[in-house]
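Chemist: take a look and give me a structure for this.
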Amino acid sequence: MAAFTERMALVQAFLLVLCLGGTWAVDKGNFKTCDQSAFCKRQRAMKPGESPYRALLETMELTNTRLTLQLINDNNKVRLLLELYRLQGNMTRVKINELKPLKPRYEVPDVLIKEPPTEPLALLSQDENGVVLSLGAESQRVIVSARPFRLDIMEGHDVLMSLNSRGLLAFEHLRMRKDTFSYKVTSTVASVWDNVKRVFSSQVEPDGEKKEDVDPANHAETTKEEDDKIEEGMWEESFKSHADTKPNGPSAISLDFSLPGVENVYGIPEHADNLKLKTTENGDPYRLYNLDVFQYELYNPMALYGAVPVLLAHNTQRTTGIFWLNAAETWVDISSNTAGKTVFGKMLDYVQGSSERPQTDVRWISESGIIDVFIMLGPTPRDVFSQYASLTGTQAFPPLAALGYHQCRWNYNDQEDVKTVDAGFDEHDIPYDFIWLDIEHTDGKRYFTWDSHKFGNPKEMLQGIKDKKRKMVAIVDPHIKVDSNYKIHNEIRSKGFYVKNKDGGDYEGWCWPGSAGYPDFTRADMRAWWASMFAYDQYEGSMENLYTWNDMNEPSVFNGPEVTMHKDAMHGDWEHRDVHNLYGFYVQMATADGLVQRSGGTERPFVLTRAFFAGSQRLGAVWTGDNAAEWDHLKISIPMCLSLGLVGISFCGADVGGFFKSPSSELLVRWYQTGAYQPFFRAHAHLDTPRREPWLFGPENTALIRDVIRQRYTLLPYWYQQFYHTYLTGEPIMRPLWVEYPQDQATFAIDDEYLIGKDLLVHPVTEEGSRGVTAYLPEKDNVWYNVQTFQKHNGGQNLYIPVTMSSIPVFQRGGSIIPRKLRVRRSSACMENDPYTLYVALNQQRAAEGELYIDDGHTFNYQKNEFIHRRLTFSNNILSSVNLNADGKFTTLSWVERIVIIGASKPNKITLQTAEGQESSIEFDFDASMSVLTLRKPGMNAGEDWKVMLQ
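Modeler: Prediction:
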């Protein structure tokens, strides 16, 4: 009977999924528009105008670290508390909360890595209209205008950013519902108190003088007009068959930001859209609300799996950023006074002397919580990345193997299937590092278990993979099968760790196992327990080469509203509506902690997550979710990952080949060629698609795929160096061209090509049947070299590049040095001690520089200075390697077996000089037709000082 019940549960779950997306296309009717989201509709109905809020300057308090000031809404007399901080690193923080809320409002914990350090604020001037405060360097100041309330951040005579300049600040105060018993009691008491106050005030107030102050703790004094105005959706809301009880009533917040001189804004992922954000006046705002969207639609502002509420603004003079720290459902409206104008129209404005300055306005609307916003003032893109990293941390430094190739599908059938696929890679001479198991490897979708029939001896399977220096990833989702014979469920229930429903019972919904509970990952004790389940003596069958994939962690609830959790579910004292976008962040946090703890704190974890939030970069990798085998989905993977990189999440990739549907051989090859040049490189496919291991599309396509995967492995030293750099700085690995060329307006909207670090430019082929692509090569005073042919091209031009099926347009920047390992083996670990080849691409000044980073590739020992970091420089015909980590305690067996100098002249003689001063001659070849000089077997250790002199 139990087996029958389980089978029926699986059938029902399957039918639910089928209903969600039976045609393999998103059913937009499952997801709200702004008009269907009551708070968004309510707030968006507000039009720009004079704000009802004014600052009560007499309440201002200025200490060494912050300014506080009360704001009052003249329509309802409710007071707010404004806090303003000047933060280290050229940032300003603005917090707005109710002065005395009926109950506490949610403030997001755990995302900031520490309380941001402040710097002193100085009062420059004050009168009845406002105050002016100094923000320190470069004549930066903030002007607080009183009536109406407005903030302007200025530098010299320039306004950098204005808050509430369009009067769209809104703060729905918490209040009692009028038709409740407690409200009637409170309002009766308030009425009596009103009468007492009237009698008293009539005796003590001078004639003609009316006190406008109110008791801020008593919201019964709000105007009768507002109390009577109960709009649909304020106290309860329904969507399809789902009800949201809204016990706290309306609690939305909103604030507008004006960005003078700005036409280009980016960020606020995740959306399947262009890199440069569009204006939203004629459609929905961009939505930030983590959702399981089945084969998402492209080029629209619908919410997807993750949400990072960070927006970057850029022009030729400055880059700034806005970090809206709120985990509730959020909508972002963007408008611009130049939107829709053609290039001709802008030129006409210029010719006619139009004085209108470009401006972009951004409005944030969240359902609950407080306003807590960090304004990052740059001024350069790198400054903004550094500022954001100082708040939420940098990308986790992954194990080197995670940068190799990952082979995945839903699902490899059994241990024998895994063994056969693993052998297939060796048979076809294709390297890989990780093979993945999806949900079917478990015992009836019970995570932390194995199907005893299909995976009867997981340790034997893992050992077989380990013997080849390879690894495995197994999925562990956060929905837990409700089954009294399942240890994980029993422990969570007995400890009271499940999310609760509005009535206090354990919240249950449907997902892959059928009926499932959802652990409350917002609880630190729950996360600690979850982490302990990854211990080798708890997670039976696991070994040190088994890593983890967190899917469905939005959380996905097949029978929930919008395929997610009910907003009135409870996480302790907080509603799910307050914490929703944090859920996946916390799941990945607990999982990553578990992988670290199982090794005694020595090994770096690798955890892939689908849902994410600000700060998720500290925890591992993300991917772009359930895409499709279509050319447009290949194309959109580029701006999606670029957007994530701009907000700190560099470890991004898309399912190579597309998750849904079946790619043509041409699409598959082109997707491998694109994925090999993105940070996370994994092929994945749906259960119902034909198998698509790299050797199943004929010998010619196998050779093409083999070649590009091998290209990935030769570049692993450079990829690893980029990950170390982003770990230190927060700068994106896969970056838009404007990040490196911030004054080149031609780069501002480009999202079909990108840079890896600053030295490799990639323009993937993403059009079916393409015979050529046009790539923009920036930097007119420099040169770029095709990495395959070494052909030199001048910067500052649009270059047409003919392509064949083997072509991947990749260019190395003149003035750079890139290390590679050309001896490709079956996995990255097999290449650990292999020699390096240095590719030196000379610029117009016949100079170049680069770096080489080496450590053990898997432990945290780099934090103990156990790494090699070298500066490589070519200047005045001398190539040298200098130590950047003088106290480093790491050695390597790798040596330099080849140096390729591109753009060189033929020397008469080449001499190697070691750190001890010993000199020896080096053999070389020179290709005069391409100006390429190749030095063979110079033989020096990669971790030592040396010089190579061309004479």
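
Chemist: check which helix or strand covers residue 635.
Modeler: Residue 635 belongs to helix 631-646 when assigned by DSSP states H and E.

Chemist: for that helix, buried residues please.
Modeler: Going by neighbour count (16 or more other CB atoms under 10 Å), the buried part of helix 631-646 is 631, 633-646. C-betas here are computed from N, CA, C, even on glycine.

Chemist: distance of residue 610 from residue 288?
Modeler: Here the criterion is CB to CB, to the nearest Å. By it, residue 610 lies 15 Å from residue 288.

Chemist: got it, and residue 734?
Modeler: 22 Å.

Chemist: more crowded one of those two?
Modeler: residue 288 (29 against 25; other CB atoms under 10 Å).

Chemist: partner residues bridging residue 819?
Modeler: residue 838 (DSSP bridges).

Chemist: quick one: it and residue 837 touch, right?
Modeler: Yes - counting by CB atoms under 8 Å, residue 819 does reach residue 837; the two are 7.4 Å apart.

Chemist: pLDDT of the helix holding residue 635, averaged?
Modeler: For helix 631-646, the mean pLDDT works out to 98.

Chemist: do the same with stretch 363-379
Modeler: 98.

Chemist: where does this structure have low pLDDT?
Modeler: Applying pLDDT under 70 to the chain flags residues 1-24, 137-138, 179-229, 339-355.

Chemist: same thing but 50
Modeler: For the chain, the stretches with pLDDT under 50 are 1-23, 189-190, 192, 196, 199-222, 224-225, 228, 342-348, 350-352.

Chemist: show me where the stretch 51-200 of the chain has strands.
Modeler: Taking DSSP state E, counting those that start in this stretch to define them, one finds strands in the stretch 51-200 of the chain at 53-62, 67-73, 79-87, 91-98, 118-119, 122-127, 130-134, 140-145, 150-155, 158-163, 170-171.

Chemist: tabulate those strands (TSV), appending mean neighbour count and distance to residue 879.
Modeler: Output for these, formatted as TSV (neighbours: other CB atoms under 10 Å; distance: least, CB to CB, whole Å):
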stretch	mean neighbour count	distance to residue 879
strand 53-62	17	57
strand 67-73	20	55
strand 79-87	20	43
strand 91-98	21	41
strand 118-119	16	44
strand 122-127	12	51
strand 130-134	18	49
strand 140-145	20	44
strand 150-155	20	43
strand 158-163	20	44
strand 170-171	21	61
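
Chemist: possible to save those strands as TSV with distance to residue 437?
Modeler: Formatted as TSV, the strands of the stretch 51-200 of the chain follow (distance: least, CB to CB, whole Å):
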stretch	distance to residue 437
strand 53-62	55
strand 67-73	54
strand 79-87	45
strand 91-98	43
strand 118-119	48
strand 122-127	59
strand 130-134	57
strand 140-145	53
strand 150-155	51
strand 158-163	48
strand 170-171	48
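
Chemist: tell me which of the ones you listed sits nearest to residue 772.
Modeler: Closest of those to residue 772 is strand 158-163, at 42.4 Å (criterion: CB to CB).

Chemist: partner strands of that closest one, parallel or antiparallel?
Modeler: Applying DSSP bridges to the sheet, strand 158-163 is found paired with strand 150-155 (antiparallel), strand 253-260 (antiparallel).

Chemist: and the helix holding residue 635, what does it pack onto?
Modeler: Other helices and strands packing on helix 631-646, by 3 or more CB pairs under 8 Å, 6 or more residues apart in numbering; DSSP states H and E, are strand 264-267, strand 652-653, helix 665-675, strand 734-735.

Chemist: quick one, it and helix 665-675 angle?
Modeler: Calculated by axes from the mean of the first three to the mean of the last three CA atoms, to 10 degrees, helix 631-646 forms an angle of 10 degrees with helix 665-675.

Chemist: pull out the buried positions in stretch 764-779.
Modeler: Under the neighbour-count criterion of 16+ other CB under 10 Å, stretch 764-779 has 764-766, 770, 773, 775-779 buried.

Chemist: ok, back up a step: closest one to residue 828 among the strands of the stretch 51-200 of the chain?
Modeler: strand 91-98 (38.3 Å).

Chemist: partners of that closest one in the sheet?
Modeler: strand 79-87 (antiparallel), strand 371-376 (antiparallel).

Chemist: measure the nearest residue to residue 742 once chain neighbours are set aside to residue 121 for me?
Modeler: Nearest non-adjacent residue to residue 742, counting by CB to CB, 6 or more residues apart in numbering: residue 381, 5.7 Å away. As judged by CB to CB, residue 381 and residue 121 stand 27 Å apart.

Chemist: same check, this time on residue 366
Modeler: Applying CB to CB to residue 366 and residue 121 gives a distance of 27 Å.

Chemist: and those two? Which one has more around it.
Modeler: Taking neighbours as other CB under 10 Å, residue 366 and residue 121 compare with residue 366 leading, 28 against 22.

Chemist: ok, now which ones touch the more buried one?
Modeler: Contacts for residue 366 (CB atoms under 8 Å, 6 or more residues apart in numbering) come out as 252-254, 324, 326, 328-331.

Chemist: closest to residue 739 out of the residues you listed?
Modeler: For residue 739, the nearest member of the contacts of residue 366 is residue 324. The distance, counting by CB to CB, is 21.7 Å.

Chemist: give me the nearest residue to the closest one, chain neighbours excluded.
Modeler: The spatial neighbour of residue 324 that comes closest, neighbours along the chain excluded (CB to CB, 6+ apart), is residue 309 at 4.1 Å.

Chemist: picking that back up, would you mind putting the buried residues of stretch 764-779 into JSON lines with secondary structure and distance to residue 276 alongside?
Modeler: Below are the buried residues of stretch 764-779 laid out as JSON lines (DSSP: H, G, I helix; E, B strand; the rest coil; distance: CB to CB, whole Å):
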{"residue": "764", "secondary structure": "coil", "distance to residue 276": "19"}
{"residue": "765", "secondary structure": "coil", "distance to residue 276": "22"}
{"residue": "766", "secondary structure": "coil", "distance to residue 276": "18"}
{"residue": "770", "secondary structure": "coil", "distance to residue 276": "23"}
{"residue": "773", "secondary structure": "strand", "distance to residue 276": "20"}
{"residue": "775", "secondary structure": "strand", "distance to residue 276": "18"}
{"residue": "776", "secondary structure": "strand", "distance to residue 276": "15"}
{"residue": "777", "secondary structure": "strand", "distance to residue 276": "20"}
{"residue": "778", "secondary structure": "coil", "distance to residue 276": "17"}
{"residue": "779", "secondary structure": "coil", "distance to residue 276": "21"}
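
Chemist: how about the residues you listed, which pair is most distant?
Modeler: Counting by CB to CB, the most remote pair of those is 770 and 779, 25.6 Å apart.

Chemist: can I assume residue 609 is in contact with residue 615?
Modeler: No - between residue 609 and residue 615 there is no contact under CB under 8 Å: 11.8 Å.

Chemist: between the two, who's got more neighbours?
Modeler: residue 609 (27 against 23).

Chemist: so what secondary structure elements neighbour the helix or strand harbouring residue 40?
Modeler: Taking DSSP H and E as the definition, one finds residue 40 inside helix 38-44. Other elements packing on helix 38-44 under the criterion 3+ CB pairs under 8 Å, 6+ apart are strand 330-336, strand 359-366.

Chemist: and with 7 Å instead?
Modeler: Helix 38-44 sits against no helix or strand, with contacts defined as 3 or more CB pairs under 7 Å, 6 or more residues apart in numbering; DSSP states H and E.

Chemist: neighbours of residue 802, how many?
Modeler: When neighbours are defined as other CB under 10 Å, residue 802 has 10 of them.

Chemist: correction: residue 435
Modeler: Neighbour count of residue 435, defined by other CB under 10 Å: 21.

Chemist: now do it against residue 870, distance only.
Modeler: To residue 870, residue 435 is 34 Å away according to CB to CB.
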